[in-house]
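Enquirer: The sequence and its predicted three-dimensional model are supplied below.
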Amino acid sequence: MDNRYWLWMMVRLAVGVVVVAWAASYLGPGSGEKEFQKTLDAMKQVHSFRVALTATPGTQHNEMLWEIDCNRDLYHYQWQESDNSRPEMAMSRDELHVATQEFDRQGDGSWSQPRYAGRSAKGFCGNLAQGTDSILLPQIATMIKRGVLQKGDKKTVNGVRCREWLVTMKGGTSGIEHDTVCLGLQDRLPYELTVDWAQSRSWFSDYNSSIQFDVPEAALQAASASAGSN
């Protein structure tokens, strides 16, 4: 009787060890980092994309749009800011950066070219190719190093199925930052990001698509010159 009892206990213990080991490999430390590393590798292959962001810190409301084309070295940026407490202070910008040249859209729809140099899209594209963080796409490399990653539910963002991850990091105005990032189930690329301290939500789309830019003739000439010098 005693031998059978201890044999049964050993079998149960062995099964328990196997179950715990499987759960640890699937859900435990390291599983999130592996998934995020796949995203970091996938982002290295991106050469065009769009980012739309809304942020509502305090009484302010901000809407931003970035369009990036690495191959043509084009970078389009739109920004609108309003404040419920001071509606007369609303501001907006519409910029197109071609190589290192900047073109600003005026109120009448025309474009002007400031004297100072613009920011090249190659800066963002270089970060992507090297697997380092940029200010546009989610900071996946930093999340891998400093974030506590917790798997969430699947959902659909702009028609794309993705898995939401809860990310906790030191930082932000409150000392601890709570983010969410939704990673595509098929391509591993990020499709949504929320940041609690900034009260912001970002959407990412049109990866490696042919983005159409509304550009002035001078910008087209600058783009051609830039492409010819590469």
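Expert: Sure, I can see it.

Enquirer: which is the next helix or strand following the helix or strand of the chain with the lowest mean pLDDT?
Expert: Within the chain, no helix or strand scores below helix 2-27, which has a mean of 41 by mean pLDDT, DSSP states H and E. Using DSSP states H and E, the helix or strand that follows helix 2-27 in sequence is helix 31-43.

Enquirer: and that next one, how far out from the chain's middle?
Expert: 13 Å (CA atoms, centre = their mean, to the nearest Å).

Enquirer: can you check stretch 181-201 too?
Expert: On CA atoms, centre = their mean, the centre of stretch 181-201 falls 6 Å from that of its chain.

Enquirer: Next: stretch 164-171.
Expert: Worked out by CA atoms, centre = their mean, stretch 164-171 lies 13 Å from the chain centre.

Enquirer: which helices and strands does the helix or strand hosting Val51 pack with?
Expert: Secondary structure assigned from DSSP H and E places Val51 in strand 48-55. On a contact count with 3 or more CB pairs under 8 Å, 6 or more residues apart in numbering; DSSP states H and E, strand 48-55 meets strand 60-69, strand 200-205. Glycine gets a C-beta too; all of them are placed from N, C-alpha and C.

Enquirer: rank the ones you listed by pLDDT, which is bottom?
Expert: Note on these: lowest mean pLDDT is at strand 60-69, with a mean of 94.

Enquirer: Name the strands paired with that one and say parallel or antiparallel.
Expert: strand 48-55 (antiparallel), strand 74-83 (antiparallel) (DSSP bridges).

Enquirer: Comparing those by mean pLDDT, which bottoms out?
Expert: strand 74-83 (a mean of 91).

Enquirer: and that one, how far out from the chain's middle?
Expert: Using CA atoms, centre = their mean, the offset of strand 74-83 from its chain centre is 17 Å.

Enquirer: can I get the helices and strands packed on strand 48-55 in JSON lines with distance to Pro190 and mean neighbour count?
Expert: Putting the helices and strands packed on strand 48-55 into JSON lines (distance: least, CB to CB, whole Å; neighbours: other CB atoms under 10 Å) gives the following:
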{"stretch": "strand 60-69", "distance to Pro190": "14", "mean neighbour count": "18"}
{"stretch": "strand 200-205", "distance to Pro190": "5", "mean neighbour count": "19"}
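
Enquirer: mind putting those strands in CSV, distance to Asp108 included?
Expert: Supplementary listing: the helices and strands packed on strand 48-55 in CSV, determined by distance: least, CB to CB, whole Å:
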stretch, distance to Asp108
strand 60-69, 21
strand 200-205, 30
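
Enquirer: Nearest to Leu40, out of those?
Expert: Within the helices and strands packed on strand 48-55, the stretch nearest Leu40 is strand 200-205; the backing value is 14.4 Å (CB to CB).

Enquirer: which helices and strands sit right next to that closest one?
Expert: Contact analysis of strand 200-205 by 3+ CB pairs under 8 Å, 6+ apart lists strand 48-55, strand 190-195 as its packing neighbours.

Enquirer: which residues touch the first one?
Expert: Which is strand 48-55. With CB atoms under 8 Å, 6 or more residues apart in numbering as the test, strand 48-55 has contacts from 61-71, 136-137, 198-211.

Enquirer: Give me the pLDDT for the residue lying closest to Ala117 once chain neighbours are set aside.
Expert: Take Ala117 and drop its neighbours on the chain: the residue closest to it by CB to CB, 6 or more residues apart in numbering is Thr100, 4.6 Å away. Here, the pLDDT recorded for Thr100 equals 83.
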